[in-house]
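Undergrad: Predicted coordinates and the sequence they were generated for:
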Amino acid sequence: MKIQIKRISMLALVSAVVLTGCGSLQSGPDADKTYKLTLLHTNDHHGRFWRNSHDEYGMAARKTLIDQIRAEVEGQGGQVLLLSGGDINTGVPESDLQDAEPDFKGMAMLGYDAMAVGNHEFDNPLGVIRQQQSWVDFPFLAANIYDGTTGERLFKPYNIFNLEGLRVAVLGLTTEDTKLLGNPEYMGNVEFTVPAVEAAVLVPELKKEADVIIAATHMGHYTDANYGVNAPGDVTLARTVPGIDVIVGGHSQDPVCMTGENEANTSYKPGDPCLPDSQNGTLIMQAHEWGKYVGRADLEYHNGELKLLSYQLIPVNLKKKVKDSEGNSVRVLVEDQIAEDPEMLAFLQPYQDKGQEELNIAIGSVNDKLEGDRHVVRFQPTNLGVLIAAAQMEKVRADLAVMNSGGIRDSIESGEITYKEVLMVQPFSNTVASVDLSGTELMEYLATVAAKPVDTGAFAQFAGVELEIVGGKLQKALVAGKPIEPNKTYRMAVNSYIAAGGDGYPSLASHPGYVNSGFVDAEVLKTYLQKHSPINAADYDTGDIQRL
């Protein structure tokens, strides 16, 4: 069914959302009984088990909030289901250094019922993923991830919860882009099928067993199915596969709040009213990222109908900037302070302390910001992109270097630089490699990577080469100020991820001139900063790369 959002008040709209339920009333819910279900959800945690420097979010405050909601709902005779849209791994050094142990064990303490497998779970070998599974008592769900050798699924495809007679199926789906986005070195024979194809087979079967079907996905929300160069996301899934009542998503890291049919609220701010997307009778929800919010959907099931009563994204100690009485900018809470749960805090503290010992050591300094924000570095050359490429070029004594923007995860602010900041920038533990190419091979490679589109992790950063790119096509390339000679040999530095074909780059790992140095990229950057500090940001000007 279509839900008309335009020209309807938020309260009236929420009251109007009714979805067709699934399953047989004879074998499931009692006839004429009203079941109350509160669905809580988060996604794209990315290692944020601890509050940030402004005392925002963190798992200790999240536990207090979730415990309060559970007590409230259960006190009124309702049931709570807590789901994650995946990507627990990668993003904060304290977590990365410990294989996200505090994060997964913290999720178990929070009482998660299930999670979708995210693409960043594959930043680690499968053995690490299995270790992470052993730390929790809830299932990792993914119906479309297979062992390419045996043809068997690597994860449980779905789980059915019996909530006092109401049968709720949670189906896991992971973006088919994972093979492209994940670390190729860890993929082996892992295969990713098209999520909608798997769902089209499973949803009719689940209807026979469950009354409500929820898809926990890591596919991304793209308004009106405009997914561009990405794989199709939740909107496409909902339009393609009927019968899914709710999609709890992740991957695009957006607060999914709509102002109209196929119209996203692009000016959404923490604390504002929020309405999930609705496509083909399916509600689509996503709670931004990092545990900044807990999404809460209060639902009611009665005689085969599932109704959304209310929805909100609850900020977890998020703050906004305001001017004080003296005109100074200060941060204030957007909603009431949520106290940190003492038990969770005590559990997480040793992990935080262990990480801090290794990370808060100054290794250099810079006189201006090195730009690595994803909304900049994936659209244009930046000084941090040049610096990282230059560090890798120097390490393997190469003539030039190419770096994918998706491997740059944060900026470095002016002033003292700590090892923690380096690991925030490069958290993936890729190794630096080199490859010797003929001039002809090099021109073919540069033409391919220069065409990588903006707004993707594949967008290329360079060092040691001057390029003129017009309309995505390479027009001119100079190395050491001279045109590339077809028969001359050039050494190019790359990381092991793109060398293995990550982000859709041409695979170089089997090239006879390829050598993996074994040096981890973050360590290479750390060494470079130590050697060259104080860093003059202007030395890494991006003027050599002309995009017209």
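TA: Done, it's in.
Undergrad: quick one, what contacts residue 118?
TA: By CB atoms under 8 Å, 6 or more residues apart in numbering, residue 118 lies in contact with 44, 85-89, 174, 218, 250-251. Using the backbone N, CA and C atoms, a C-beta is placed for each residue, glycine as well.
Undergrad: from memory residue 463 sits against residue 395, does it?
TA: No. Judged on CB atoms under 8 Å, residue 463 makes no contact with residue 395 at a distance of 11.7 Å.
Undergrad: For those two, work out which one has more neighbours and name it.
TA: The residue with more neighbours, out of residue 463 and residue 395, is residue 463; 24 against 20, by other CB atoms under 10 Å.
Undergrad: Now the more buried one. Nearest residue, chain neighbours left out?
TA: Residue nearest to residue 463 in three dimensions, not counting chain neighbours: residue 389, with 3.4 Å by CB to CB, 6 or more residues apart in numbering.
Undergrad: So that neighbour lies in a strand, does it not?
TA: No. Using DSSP: H, G, I helix; E, B strand; the rest coil, the secondary structure at residue 389 is helix, not a strand.
Undergrad: how much space between it and residue 207?
TA: Between residue 389 and residue 207 the computed distance is 52 Å (CB to CB, to the nearest Å).
Undergrad: what's in contact with stretch 155-170?
TA: Here stretch 155-170 has contacts from 22-23, 28-30, 33, 35, 37, 79, 81, 83, 113-114, 117, 139-143, 145, 171-172, 198, 202, 206, 209-216, 301, using CB under 8 Å, 6+ apart.
Undergrad: Can you tell me which of those residues are buried?
TA: Buried members of those, counted by 16 or more other CB atoms under 10 Å: 22-23, 28-29, 35, 37, 79, 81, 83, 113-114, 117, 139-143, 145, 171-172, 198, 202, 206, 209-216, 301.
Undergrad: Run through the protein and note the low-pLDDT ranges.
TA: 1-27, 548 (pLDDT under 70).
Undergrad: per-domain residue ranges of it.
TA: As given by automatic domain parsing, the domain ranges for the chain are 10-351, 362-547.
Undergrad: Among the contacts of stretch 155-170, name the ones in helices.
TA: Secondary structure from DSSP state H places 198, 202, 206 of the contacts of stretch 155-170 in helices.
Undergrad: follow-up on the earlier one: of the contacts of residue 118, closest to residue 410?
TA: residue 44 (14.9 Å; CB to CB).
Undergrad: ok, residue 389 and residue 207, which is more surrounded?
TA: Legend: neighbour count by other CB under 10 Å for residue 389 and residue 207, higher for residue 389 (26 against 16).
Undergrad: Now for that one: which residues touch it?
TA: 401-403, 461-464, 493.
Undergrad: what does residue 91 give?
TA: Applying CB under 8 Å, 6+ apart, the residues near residue 91 are 46-48, 290, 409, 424, 427.
Undergrad: need the strands for the stretch 351-500 of the chain, in chain order.
TA: 362-366, 400-404, 415-418, 431-438, 460-463, 465-470, 473-479, 482-483, 489-495 (DSSP state E, counting those that start in this stretch).
Undergrad: Of the contacts of residue 389, which qualify as buried by neighbour count?
TA: Buried by 16+ other CB under 10 Å: 401-403, 461-464, 493, out of those.
Undergrad: most remote residue from the protein's center?
TA: Centroid-distance maximum for the chain: residue 487 at 42.5 Å, with CA atoms, centre = their mean.
Undergrad: need the contact list for that one.
TA: Contact partners of residue 487, counting by CB under 8 Å, 6+ apart, are 438-440.
Undergrad: Pull out the buried members of the residues you listed.
TA: Counted by 16+ other CB under 10 Å, these give 438-439 as buried.
Undergrad: Do you have the strands of the stretch 151-300 of the chain handy? List them.
TA: Here the stretch 151-300 of the chain has its strands, by DSSP E, counting those that start in this stretch, at 158-163, 166-174, 190-192, 212-218, 246-248, 258-260, 263-264, 277-279, 282-285, 293-302.
Undergrad: Let me know which of the ones you listed is the nearest to residue 182.
TA: strand 190-192 (8.1 Å).
Undergrad: And the closest one, what does it pack against?
TA: Applying 3 or more CB pairs under 8 Å, 6 or more residues apart in numbering; DSSP states H and E, one finds that strand 190-192 contacts strand 145-147, helix 178-181.
Undergrad: if you compare those, which one is most tucked away?
TA: For those, the largest average neighbour count (mean count of other CB atoms under 10 Å) is found in helix 178-181, namely a mean of 22.
Undergrad: Show me what it is packed up against.
TA: In this structure, helix 178-181 packs against strand 190-192, with contacts taken as 3+ CB pairs under 8 Å, 6+ apart.
Undergrad: Give the pairing partners of the strand it packs on; include direction for each.
TA: Applying DSSP bridges, strand 190-192 is found paired with strand 145-147 (antiparallel).
Undergrad: What count of nearby residues applies to residue 453?
TA: 12.
Undergrad: what's the closest non-adjacent residue to residue 55?
TA: Closest residue to residue 55 apart from its sequence neighbours, by CB to CB, 6+ apart: residue 317 at 6.3 Å.
Undergrad: quick one, phi psi at the one you found?
TA: phi 60, psi 30 (degrees, to the nearest 10).
Undergrad: ok, it - contacts?
TA: 51, 55-58, 61, 333, 337-338.
Undergrad: next one: residue 191
TA: For residue 191, the contact set (CB under 8 Å, 6+ apart) comprises 145-148, 179.
Undergrad: What residues sit buried inside stretch 334-341?
TA: Using 16+ other CB under 10 Å as the test for burial, stretch 334-341 gives 338, 340-341.
Undergrad: Please read the previous query as pertaining to stretch 284-300.
TA: 284-299.
Undergrad: For the spatially closest residue to residue 309 that is not a sequence neighbour, name its beta-bridge partners.
TA: Residue nearest to residue 309 in three dimensions, not counting chain neighbours: residue 298, with 4.5 Å by CB to CB, 6+ apart. Assessed by DSSP bridges, residue 298 has beta-bridge partners residue 38, residue 310.
Undergrad: pretty sure residue 298 is touching residue 36, no?
TA: Yes. Taking contacts as CB under 8 Å, residue 298 lies within contact range of residue 36: 7.4 Å.
Undergrad: contact partners of stretch 286-296?
TA: Under CB under 8 Å, 6+ apart, the answer for stretch 286-296 is 38-46, 48, 56-59, 62, 65-66, 69, 85, 91, 221, 234, 248-250, 252-256, 270, 285, 310-316, 318.
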